[in-house]
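Would you be able to build a 3D model of this:
(one chain, ligands or ions: 1)
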Amino acid sequence: MKVYVSVDIEGITGVVHGDMMMASEREYDRGRRLMTGDANAAIEGLVDAGATEILVSDGHGPMRNILIEELHPAARLMTGAGEARDACQLEGADVDRFDAAVFIGYHAMARTPGAIHPHTIAGAAVAELRINGRPHGETGLNAAVLGSLGIPVILVTGDTATVAEARAFLGDGIETVAVKEARGRSAAICRPPAATRPEIREAAARALRNLGNARLYAPDRPLRLELDFNTMPQCDRAARIAGVERLGPVTLRILGDDPWQQYQTLWAAIRNALYEPAGWLG
Ligand SMILES: [Zn+2]
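So this is what the prediction gives:
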């Protein structure tokens, strides 16, 4: 069995603050070590349950956080800059016929109360993302895109808000592990790795053993994928991408009937939105 493992950092055991999430900050090395640890716990469980191929995709910020020298030998690592990827957090999901996907260290969507660093893809640019009119975060969006490739999501880990979001979108049958309970954007009651890692390992193994019960997340197609930006200049820049339709001052629609392609267009639009021109261009 082949499993795709997408890893973010905001929902990792013990990570609550930007000082563990950003490469420029003093606690970043601890954050990436904790990230690698939660990923390894999931890999161990997947191996226990018979996974033969595991591709881990580093999906946070610089997208090269996970320490390969500490990564479980059963996995390969998709690592490298977001601007060099066409498919953002899901890069490589199309290289093989994966049987299942696992989301480790995920976070709640933009505007979720009681969540660690809630945002959708890029908090600096994206105010709200909708599929068929319903606001979606990365859990729902990525599950819909993977669903279009025939890949069900079988496990989501993160804070309690993320776990609730995963159940709301993917159903109560999904395995989840809540590693912390947010008390604010950058504070949470956390369980230590010695407690969460065995739980992640067991949940991953159980999820893969019960793969027969897994459901694809497949919102009605064509997906009506819409995006509200924080500012009009961001939307101006994003609107230059082929395959988008402008609906309003800060709103775009991503066209098409292939969610994998729409996701790549979405990522191109967000990259453009985030691009700040050199000062001399005004
Ligand atoms: Zn992240």
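
Shouldn't Arg167 be within a helix?
Yes: Arg167: assigned to a helix according to DSSP: H, G, I helix; E, B strand; the rest coil.

residues in contact with it?
The contact partners of Arg167, by C-beta atoms under 8 Å, 6 or more residues apart in numbering, come to Ile174, Thr176. All C-beta spots, glycine's among them, are computed from the backbone N, C-alpha and C.

For Met63, which non-adjacent residue is spatially closest?
Spatial nearest neighbour of Met63, excluding adjacent residues (C-beta to C-beta, 6 or more residues apart in numbering): Gly82 at 5.2 Å.

Kindly state the pLDDT recorded for the one you found?
Note for Gly82: predicted pLDDT of 87.

What's the local residue count around it?
20 (other C-beta atoms under 10 Å).

That one touches Leu90, doesn't it?
No: with contact defined as C-beta atoms under 8 Å, Gly82 does not reach Leu90; the gap is 11.8 Å.

Can you show me the strands along the protein?
2-7, 53-58, 75-78, 100-106, 126-131, 134-135, 153-159, 175-184, 187-190, 225-229, 244-246, 251-254 (DSSP state E).

if you compare those strands, which one is most tucked away?
Comparing those by mean neighbour count (mean count of other C-beta atoms under 10 Å), strand 153-159 ranks first with a mean of 29.

how close does Val177 get to Arg201?
10 Å (C-beta to C-beta, to the nearest Å).

still on that earlier bit, let me have the strands of the chain in CSV, extended by distance to Arg167 and mean pLDDT.
Formatted as CSV, the strands of the chain follow (distance: least, C-beta to C-beta, whole Å; pLDDT from 0 to 100):
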stretch, distance to Arg167, mean pLDDT
strand 2-7, 18, 98
strand 53-58, 23, 98
strand 75-78, 26, 98
strand 100-106, 13, 98
strand 126-131, 17, 98
strand 134-135, 15, 98
strand 153-159, 9, 98
strand 175-184, 7, 97
strand 187-190, 19, 98
strand 225-229, 22, 98
strand 244-246, 31, 98
strand 251-254, 26, 98
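
Where does pLDDT dip in the stretch 151-282 of the chain?
277-282 (pLDDT under 70).

picking up where we left off before, tell me which of the strands of the chain approaches the ion most closely.
With C-beta to the ion as the criterion, the ion lies closest to strand 100-106 of the strands of the chain, at 7.8 Å.

what does the closest one contact?
1, 3-12, 15, 35, 38-39, 42, 46, 60, 93, 138-139, 142-143, 146, 151-158, 162, 166, 200, 204, 207-208, 211, 214.

Now do the same contact list for Met20.
Neighbouring residues of Met20 by C-beta under 8 Å, 6+ apart: Ile9, Gly14, Glu27, Tyr28, Arg30, Gly31, Leu34.

ok, now with 6 Å
Glu27, Arg30, Gly31 (C-beta atoms under 6 Å, 6 or more residues apart in numbering).

Going through those, which ones are buried?
Under a neighbour-count criterion of 16 or more other C-beta atoms under 10 Å, the subset of the contacts of Met20 counted as buried comprises Gly31.

of the contacts of Met20, closest to the ion?
When the contacts of Met20 are compared against the ion (criterion: C-beta to the ion), the nearest one is Gly31, at 10.4 Å.

give the contact list for that closest one.
Neighbours of Gly31 in contact, by C-beta under 6 Å, 6+ apart: Ile9, Val15, Met20, Met21.

what two of those are the furthest from one another?
Pairwise distances across the contacts of Gly31 peak at 7.4 Å for Ile9 and Met20 (criterion: C-beta to C-beta).

and the nearest residue to Pro152 once chain neighbours are set aside, how many neighbours?
Counting by C-beta to C-beta, 6+ apart, Ala214 is the residue found nearest to Pro152 once chain neighbours are left out, at 3.8 Å. For Ala214, the tally of surrounding residues (other C-beta under 10 Å) stands at 22.

was I right about Ala214 contacting Ile151?
No: counting by C-beta atoms under 6 Å, Ala214 does not reach Ile151; the two are 9.4 Å apart.

Please report the distance of the nearest residue to Leu67 once chain neighbours are set aside from the ion.
Excluding the flanking residues, the one nearest Leu67 by C-beta to C-beta, 6+ apart is Thr36, at 4.8 Å. Per C-beta to the ion, to the nearest Å, Thr36 is found 15 Å from the ion.
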